[in-house]
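Sequence first, predicted model second:
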Amino acid sequence: NAGVTQTPKFQVLKTGQSMTLQCAQDMNHEYMSWYRQDPGMGLRLIHYSVGAGITDQGEVPNGYNVSRSTTEDFPLRLLSAAPSQTSVYFCASSSIRDGSYGYTFGSGTRLTVV
Amino acid sequence: AQSVTQLDSHVSVSEGTPVLLRCNYSSSYSPSLFWYVQHPNKGLQLLLKYTSAATLVKGINGFEAEFKKSETSFHLTKPSAHMSDAAEYFCVVSPFYSGGYQKVTFGTGTKLQVIP
């Protein structure tokens, strides 16, 4: 089925460890983004990309890196995990040729940093 | 600049009664407005969207929302709640234009409880 695939679904990290959250979409969407969801704070944008080779920071980028080498993939890297990064992470994509399209979301990665 | 306010963090209704989830927005541009639903431990699913066409928008699962520019509101309604509607709902605003990046702002969510 067409959509956004995130892996892993769950992860526990120790403080200081690094890891990569994977995101892939098969809808040929130009726009991809990463959000974190924390209780009472809604979704906050971490990084986004409007096409292969183009990335930019959202509102909470510190401690995270991204790259976009292909249209399909948009991995999120945690460089040195901290307990404050415990959250649920969502990847989302959309077509930006028509600004009226809504996002398609992945099912999320639940990350715990101990 | 744009913002979105969901006026209730929790709403509780009895099964079979109407649902009203309230959303107010502000936007410097003609906005697109969306409602998403998130069931426990799931991703967000698009319920419906408004993009400057008809002001009354029908979505999936019997939900609809009305865009009221004079009141800067986009409230979500359903005539009769079902147990499966229990979830968290997010109102989202973005400026409407094509061919460019859309800055999207999420509300903080409304949790809907449906009582049998």
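It's in.

For the chain, just list every one of the strands.
Going with chain A. Taking DSSP state E as the criterion, chain A contains strands spanning A:4-7, A:10-13, A:19-25, A:31-37, A:43-51, A:54-57, A:64-66, A:76-78, A:87-94, A:104-105, A:109-113.

You answered for a different chain; I wanted chain B.
B:2-6, B:10-14, B:19-21, B:23-27, B:31-38, B:44-50, B:56-58, B:64-68, B:73-78, B:87-95, B:105-106, B:110-115.

Next, format those as TSV and append mean neighbour count, distance to chain A and mean pLDDT.
For glycine as for every other residue, the C-beta is placed from the backbone atoms N, C-alpha and C. Output for the strands of chain B, formatted as TSV (neighbours: other C-beta atoms under 10 Å in any protein chain shown; distance: least, C-beta to the nearest C-beta, whole Å; pLDDT from 0 to 100):
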stretch	mean neighbour count	distance to chain A	mean pLDDT
strand B:2-6	17	9	89
strand B:10-14	14	11	98
strand B:19-21	18	14	98
strand B:23-27	19	12	92
strand B:31-38	24	5	91
strand B:44-50	21	4	91
strand B:56-58	13	12	94
strand B:64-68	18	13	95
strand B:73-78	20	13	97
strand B:87-95	23	7	89
strand B:105-106	22	4	86
strand B:110-115	17	11	97
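
Make a markdown table out of those strands and add distance to A:I46.
Output for those, formatted as a markdown table (distance: least, C-beta to C-beta, whole Å):
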| stretch | distance to A:I46 |
| --- | --- |
| strand B:2-6 | 19 |
| strand B:10-14 | 27 |
| strand B:19-21 | 27 |
| strand B:23-27 | 23 |
| strand B:31-38 | 18 |
| strand B:44-50 | 15 |
| strand B:56-58 | 29 |
| strand B:64-68 | 28 |
| strand B:73-78 | 26 |
| strand B:87-95 | 17 |
| strand B:105-106 | 13 |
| strand B:110-115 | 23 |
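
Which of the ones you listed sits closest to A:D38?
Among the strands of chain B, strand B:105-106 comes nearest to A:D38, with 11.8 Å by C-beta to C-beta.

contacting residues for the closest residue to A:G53 other than its chain neighbours?
Spatial nearest neighbour of A:G53, excluding adjacent residues (C-beta to C-beta, 6 or more residues apart in numbering or on different chains): A:R68 at 6.3 Å. Residues in contact with A:R68 (C-beta atoms under 8 Å, 6 or more residues apart in numbering or on different chains) are A:M32, A:S49, A:G51, A:A52, A:G53, A:I54, A:T55, A:F74.
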